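A.B. asks: Task: produce atomic coordinates for the following.
(2 chains)
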Amino acid sequence: MNFEFSEEQNLLREQAHGFLKANCPPAAVRKILEGKASYDEKLWHQIAEMGWTATTIPEQYGGLGLGYLELCVIAEELGRAVAPVPFSSSVYLATEALLLAGSQEQKELWLPRLAAGEAIGTFALAEGPGRTSPKSLKVALSQGRLRGTKIGVVDGDIADFAIVVAKSRAGDKASWYLVDLTQRNVKRSVVSTLDPTRSHASITLRSADAQLLGADGEGWALTQKLLDRAAILFAWEQVGGADAALNMAKEYALGRYAFGRSIASYQAIKHKLATAYIKNTLARSNCYYGAWALNTNAAELALAAASARVAAIQAYYFASKENIQTHGGMGFTWEFDCQFYYRRAKLLSVNIGSESFWQDRLITAVEHSNVA
Amino acid sequence: MDFNDTAAEARFRDEARTWLTANVPTTNELEGLDYIAKARLWQKRKYDAGWACLRWPKEYGGRGAGAMDQVIWGQEESKFDTPQSVFMIGQGMAAPTLMTYAADEHKKRYLPKLASGEEIWCQLFSEPAGGSDLAALRTRSEKRGDEWIVNGQKIWTSGAHYSDWGILVTRSDPTVPKHKGLTYFFLDMKTPGIEIKPIKQISGGANFNEVYFTDVRIPDSQRLGAVGQGWQVSLTTLMNERASIGAGGAGVNFNLAYKLAQKVMIDDRPAIEDRSVRARLANWYVEEAGLKYTGYRTMTAMSRGQTPGPENSIGKAVGAPKTQDMASFCMDLLEMSGAINDPEIAEAAGLIQMTFMAAPGGRIAGGTDEILLNILAERVLGLPQDVRVDKGIPFNEVPTGRG
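C.D. replies: Alright, predicted model coming up:
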């Protein structure tokens, strides 16, 4: 049994942790929360310089050609730091989408720029409230050009391009399109969201120039593949955040005295924090399995992804809300950092499909496998 | 990252599997034996071939094997239908205590018979007034010459009625604070003055007993640890309790609930198509998988020579309430026939209802849910102990309330 990260991977974790502690302290997160900037541009360039954006991109496209275990390690640390950078959109979604379905030419054009952090990519699926399906899609081709609106695209205001899920040519299925967001026929407007440390935009395509990514009509199947892969990376970010929220609650409880003693000595608080520890541990262990499945492209990937994702959504939500509760009234103040985790936990949980979406997907994966 | 054995582990697994395949008792061999005789037959066979109590030194009947071999053996043995063990308390709790505190001649006398299954041991710890707060126990021991005279009552003693020996913690001095006045012994369960009464549980079973002591005489040579050191000795026993009780929860699990949901109908459609059913099953899947992979991580650490710590309390803390909730949910899936436990007609021959009635016990035995959360909070997260109002007060001045 060797169900553990390697020494090199743990070293990478320590480096990432140390780097983010120095370069992405709570004050840096707060600056984005309170300021006008969409993201921490300086941090983003530093991250790119360290090669994190290039982790899984093959060397022929300017990447490092490392495995997904390394990327999971980085994801956890970014989650712990609540980093205000477009890493999830650009790396877990856009880069993965290009690796999954890009033509040689598309890969050669975008992957080196993604690897270097010179380009930011994102993934545009939702068009309104509720779950998107091939039937519900309205964005479609008209005379070879894309028309329609994608709402609340994460990093949509800063991304250079988006992978847009739209109707297929025949209109009965979905296709992926690669859309340069800097063109004149794309209108972007920033939308306010629950978590201002991660910017969002609505993107209106007015006869936008678009290139098919993958085969026409394959967009929905590709989306499912992409979501499974991204779910594991998102889950690692969530586990990192959940761990940070639990630690914050613990440190506060230890130092906060009421009725003559540390509130960390009251069972009401201890049991709450022990429960968070249990949820975090279950999520982390499911994430380990997800990391293994992603790295080996295992047949169990869909089931591993859904399990990691469900566990991580639940763990981060619990830890982030109970961190506020442990802080009492101060946790509810703008001045305290508890809000970072509470906002990010919920954002990450709706970003690529909600808890119930993934619970359903988990059982579907069981139905499709012979494991049960 | 992989799930493979090391070369040495693979060899050991092979050897274990080969032996098990050839030696697990057949139905014919077990025919007509009661469960204790079945358990003894299997234990003796393992002992004779060097497969009993793997981690114990060879001189005491073990194999001198490592922790990882023990895990591998457990995995392989669980793949066979073997007689249920009645030696867990003796081998898992009494033996480590004897190894730490008993005199050499006692170790040589008692440990091999524990390993071979010839002698069964029970644990006489809990009392009506000392459960989670074990150190509040009142069973009195008084030294008279070379003997101790014991009076009082123990409760929740599994297997007292078929045990040959017991480990016992008593109060030898009520005038000092509670942890300081305890003394620990082992004793012959046939000693005059011991009276055993089975406790009928809500599940209908009677696995536990009340054990009454009236002027029971124990030789001082059967004391483990110093007079007044009983609490430290007890901790050695208890450290091994959760390790030997483990997560349990076999029977009603994700697989059973999933298959049931495929079979029973909601509005003429299989229940598994219902969104709320899927959501709840998914949550339990995640818990089971989380425990399984946490176990893999622990095994990896053990494989690298590390010792598992208190974080393993998570298994029972998650598993026990999950079992209860899943049994309840499965009965809901059965709707109006959910309450039927007649094995002739009930789903899974009544296993679901039996589990439902046994589950409250699982959440209490071997550390309640609440105690397990305290352990995780204090020993893993490093949070302080709760205030103890009896701290430093002589035991006989501590308020006792009812009972």
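
A.B. asks: can you pull the contacts of residue B:168?
C.D. replies: Each residue near residue B:168 by Cβ atoms under 8 Å, 6 or more residues apart in numbering or on different chains is listed here: B:124, B:139, B:150, B:154, B:184-187, B:218. For the C-beta atoms, the positions are set from N, CA and C on the backbone; glycine is no exception.

A.B. asks: Let's have the residues you listed in JSON lines, adding secondary structure, distance to chain A and neighbour count.
C.D. replies: Converted to JSON lines, these look like this (DSSP: H, G, I helix; E, B strand; the rest coil; distance: Cβ to the nearest Cβ, whole Å; neighbours: other Cβ atoms under 10 Å in any protein chain shown):
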{"residue": "B:124", "secondary structure": "strand", "distance to chain A": "28", "neighbour count": "29"}
{"residue": "B:139", "secondary structure": "coil", "distance to chain A": "28", "neighbour count": "23"}
{"residue": "B:150", "secondary structure": "strand", "distance to chain A": "34", "neighbour count": "26"}
{"residue": "B:154", "secondary structure": "strand", "distance to chain A": "27", "neighbour count": "27"}
{"residue": "B:184", "secondary structure": "strand", "distance to chain A": "29", "neighbour count": "28"}
{"residue": "B:185", "secondary structure": "strand", "distance to chain A": "33", "neighbour count": "25"}
{"residue": "B:186", "secondary structure": "strand", "distance to chain A": "34", "neighbour count": "21"}
{"residue": "B:187", "secondary structure": "strand", "distance to chain A": "36", "neighbour count": "20"}
{"residue": "B:218", "secondary structure": "strand", "distance to chain A": "37", "neighbour count": "21"}
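
A.B. asks: Helix or strand for residue A:169, just tell me which one.
C.D. replies: Using DSSP states H and E, residue A:169 maps to neither a helix nor a strand.

A.B. asks: pLDDT and distance to residue A:140 added to the contacts of residue B:168, as a markdown table?
C.D. replies: As requested, those are exported to a markdown table (pLDDT from 0 to 100; distance: Cβ to Cβ, whole Å):
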| residue | pLDDT | distance to residue A:140 |
| --- | --- | --- |
| B:124 | 97 | 77 |
| B:139 | 98 | 81 |
| B:150 | 98 | 86 |
| B:154 | 98 | 77 |
| B:184 | 98 | 79 |
| B:185 | 98 | 83 |
| B:186 | 98 | 81 |
| B:187 | 98 | 84 |
| B:218 | 98 | 87 |
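
A.B. asks: Among these, which one lies nearest to residue B:381?
C.D. replies: residue B:184 (30.3 Å; Cβ to Cβ).

A.B. asks: so that closest one touches residue B:227, yeah?
C.D. replies: No. Residue B:184 is not in contact with residue B:227 according to Cβ atoms under 8 Å; the separation is 9.6 Å.

A.B. asks: Could you list the buried residues of the helix or strand containing residue B:354?
C.D. replies: Assessed by DSSP H and E, residue B:354 sits inside helix B:351-362. For helix B:351-362, a neighbour-count test (16 or more other Cβ atoms under 10 Å in any protein chain shown) marks B:351-359, B:361-362 as buried.

A.B. asks: do the same with stretch B:60-76
C.D. replies: Those would be B:60-63, B:65-69, B:71-73, B:76, for stretch B:60-76 by 16+ other Cβ under 10 Å.

A.B. asks: now those residues as a markdown table including pLDDT and secondary structure?
C.D. replies: Formatted as a markdown table, those follow (pLDDT from 0 to 100; DSSP: H, G, I helix; E, B strand; the rest coil):
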| residue | pLDDT | secondary structure |
| --- | --- | --- |
| B:60 | 96 | helix |
| B:61 | 96 | coil |
| B:62 | 96 | coil |
| B:63 | 96 | coil |
| B:65 | 93 | coil |
| B:66 | 88 | coil |
| B:67 | 85 | helix |
| B:68 | 88 | helix |
| B:69 | 91 | helix |
| B:71 | 87 | helix |
| B:72 | 92 | helix |
| B:73 | 94 | helix |
| B:76 | 94 | helix |
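
A.B. asks: Could I get the phi/psi values of the residue of the stretch 1-150 of chain A found nearest chain B?
C.D. replies: Going by Cβ to the nearest Cβ, chain B is nearest to residue A:3 of the stretch 1-150 of chain A, at 4.1 Å. The phi and psi values for residue A:3, taken as degrees, to the nearest 10, are phi -100, psi 60.
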